[in-house]
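K.L.:
Make a model of this:
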Amino acid sequence: MDVREESSDFGIDNRTEAQIVEVDQANVSQHYKVLQELGDCYASVGNYAEARVCYEKAASVGPDEAGPYVGLGVVALQNNLLEDAEISFRVGCRLDDKCAKAYAGLAMVAQERADYKQAFDMYLKCLELDVDNLTALLGLFQVSCLTRSFGKVIYYLDEYLKMHPGDVSVMFCLAALHMKDGKVDESKKMLEDILSIDPANKDAAGLLEELEHNMARHEQMIQMGGD
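P.N.:
Sure, this is the predicted structure:
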């Protein structure tokens, strides 16, 4: 009797070494995903202690994955451990130089340190990789209001709205930036669009009232100057 047949008769696993390795890798990958997703779940409900435990386990199972280090960075940032957060996000960037979330994390650390130039650059890097990253968009909006650098953030907000045309929070940010940039007509139209979608939006109504008041006063001053 052939040895392989005998092994099969007794229920002995006769898979090749390559098949066994492939199965083991699949098991490791599944274990990693479960740990990473569990960490994300804990973080989403504010249980950062449990999230950190899951991320650390995920990092040990998948040492070449950026995700657990991004998660650890978020946990550290929430606990105001800026140096630890920066180290974790930088590890994430090193493991995956196209990890948009890691660059967003570095931007948030820089923003907390009032290093607005670094924050601006890192938010832009994130959006170059993922134009749909709302965290980076709103962070860039905040930084641009402080540095009065409106051009690039307006571009990315426009790009985001092409994919999410009804997002009134982003529309409001864009209206505010247009107003700060002196583009009152664009700002007015955006605010009117918001109110057509959400008539009860008090922020948009208030900003539109302020904008129309300023426009009327400006027109009045022009007429007085003409007289």
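K.L.:
by contact count, what packs against the helix or strand hosting residue 205?
P.N.:
Assigning secondary structure by DSSP states H and E places residue 205 in helix 202-226. On a contact count with 3 or more CB pairs under 8 Å, 6 or more residues apart in numbering; DSSP states H and E, helix 202-226 meets helix 168-180, helix 184-197. Just so you know, the C-beta spots here come from the backbone N, C-alpha and C atoms, and that holds for glycine as well.
K.L.:
Could you list the low-pLDDT ranges of this structure?
P.N.:
1-26, 224-227 (pLDDT under 70).
K.L.:
hang on, the earlier thing: now the helix holding residue 205: how far from the chain's centre is it?
P.N.:
From the chain centre to the centre of helix 202-226 is a distance of 35 Å (CA atoms, centre = their mean, to the nearest Å).
K.L.:
in this protein, which spans are helices?
P.N.:
3-9, 17-44, 48-61, 67-78, 82-95, 100-112, 116-129, 134-147, 151-163, 168-180, 184-197, 202-226 (DSSP state H).
K.L.:
Now render the ones you listed as TSV, adding mean neighbour count.
P.N.:
Below are the helices of the chain laid out as TSV (neighbours: other CB atoms under 10 Å):
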stretch	mean neighbour count
helix 3-9	10
helix 17-44	14
helix 48-61	19
helix 67-78	24
helix 82-95	19
helix 100-112	24
helix 116-129	20
helix 134-147	20
helix 151-163	16
helix 168-180	21
helix 184-197	17
helix 202-226	12
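K.L.:
wait, what's in contact with the residue lying closest to residue 204 once chain neighbours are set aside?
P.N.:
Among residues not flanking residue 204 along the chain, residue 194 sits closest, at 4.1 Å (CB to CB, 6 or more residues apart in numbering). By CB atoms under 8 Å, 6 or more residues apart in numbering, the residues touching residue 194 are 168, 171-172, 175, 201, 204.
K.L.:
Residue 65 now?
P.N.:
Contacts of residue 65 by CB under 8 Å, 6+ apart are 32, 36, 58-59, 95-96.
K.L.:
next one: residue 164
P.N.:
By CB under 8 Å, 6+ apart, the neighbours of residue 164 are residue 170.
K.L.:
again, only using 10 Å
P.N.:
When contacts are counted by CB atoms under 10 Å, 6 or more residues apart in numbering, residue 164 is found next to 132, 134, 170-171.
K.L.:
Give me the phi and psi for the nearest residue to residue 180 once chain neighbours are set aside.
P.N.:
Nearest residue to residue 180 in three dimensions, chain neighbours excluded: residue 150, at 6.4 Å (CB to CB, 6+ apart). Backbone torsions for residue 150, taken as degrees, to the nearest 10, come to phi -100, psi -30.
K.L.:
hang on, residue 150 packs against residue 178?
P.N.:
Yes: with contact defined as CB atoms under 10 Å, residue 150 and residue 178 form a contacting pair (8.3 Å).
K.L.:
Name the residues contacting each of the two.
P.N.:
Applying CB under 10 Å, 6+ apart, one finds that residue 150 and residue 178 are jointly contacted by residue 157.
K.L.:
before we move on, back to that, just the angle between the helix holding residue 205 and helix 168-180, please?
P.N.:
Counting by axes from the mean of the first three to the mean of the last three CA atoms, to 10 degrees, helix 202-226 lies at 20 degrees to helix 168-180.
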